[in-house]
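> One predicted model, sequence on top.
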Amino acid sequence: MRDESLATRYLPFCDAGASQVWASLQRGNRRWAAGASRRPRQDPDRRRQVAVGQSPYAVVLSCIDSRVPPEVVFDAGLGDLLVVRTAAHTVDRLVTAAVQFGPQALHARLVVVLGHQRCGAVSAAARALREQETLPGELPSIVAALEPVYTGSGGEADEVDAMVRAHTVRTVASPRVDAVLSGQAASVVGAYYSLDTGLVRRVA
């Protein structure tokens, strides 16, 4: 009886569609932005439940930026989100595989690509491209991934944010036609997080 009670309490999205999941993420984000986070499903009972299995209702592909932790930004609980983080949410084959894992193996209904305001990785890439500078280590791979949106940014006044939004839209396009994701009926949305307000807005 206790296990049934826990399942009812902690798995509210097991049968939810992508639109319901996105609406819930938006509600959680509004709570976070308003300073009214509930920090749901973060107690010992939840920890014990997910210790034996997980059923995240969404995958979030986001930046590694320390100011943008998706579980906090969406006021989500333990086991709610499968989070994949890379610099400027850049994608390679391993990242694609990680994103596919959510819908394919765990039946997550939604994939969110989350860009954010004043992204440091995008800023560094834009500067390197503008000044024709070669960054150290493996950082040129990030620059190469962002070069198409830098080229297409059109010299807008707020170059970095224009690139972030364009890169988010561009990143969304690939999983939307991904055979694995489409076969699992997973929806993909692109969103932008404001560091100033704490709010997430859909951009794709």
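Received, thanks.
> The nearest residue to Ser19 once chain neighbours are set aside - how many residues pack around it?
Excluding the flanking residues, the one nearest Ser19 by CB to CB, 6 or more residues apart in numbering is Ser187, at 7.7 Å. In this view, the C-beta of every residue, glycine as well, is placed from N, C-alpha and C. A count of nearby residues for Ser187, using other CB atoms under 10 Å, gives 19.
> Just to check, Ser187 is in contact with Val113?
No: judged on CB atoms under 8 Å, Ser187 makes no contact with Val113 at a distance of 11.6 Å.
> on that earlier part again, now do the residue nearest to Ser19 against Asn29, distance only.
For Ser187, the distance to Asn29 equals 17 Å [CB to CB, to the nearest Å].
> before we move on, what about Ala121?
Ala121 is 22 Å from Asn29, where distance means CB to CB.
> Please apply the same query to Val177.
27 Å.
> and what of Gly17?
Taking CB to CB as the measure, Gly17 falls 19 Å from Asn29.
> More neighbours: these two, which one.
Asn29 (23 against 13).
> How about that one: what's its closest non-neighbour residue?
Excluding the flanking residues, the one nearest Asn29 by CB to CB, 6+ apart is Val200, at 4.6 Å.
> Could you check how many residues crowd around that neighbour?
Val200 has 25 neighbouring residues, counting by other CB under 10 Å.
> There's contact between it and Gln26 in this structure, I believe.
Yes: here Val200 reaches Gln26: they are 7.2 Å apart, a contact under CB under 8 Å.
> Would you mind writing the CA trace of stretch 136-145 as CSV?
Extracted C-alpha coordinates of stretch 136-145, given in CSV (Å, rounded to 0.1, in the frame of the first residue of the first chain):
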residue,chain,number,x,y,z
PRO,A,136,43.5,26.9,-26.3
GLY,A,137,42.9,23.2,-25.8
GLU,A,138,39.7,21.8,-27.2
LEU,A,139,37.8,25.1,-27.1
PRO,A,140,38.1,25.6,-30.9
SER,A,141,35.5,22.8,-31.2
ILE,A,142,33.0,25.1,-29.5
VAL,A,143,34.0,27.9,-31.8
ALA,A,144,33.5,25.7,-34.8
ALA,A,145,30.1,24.6,-33.6
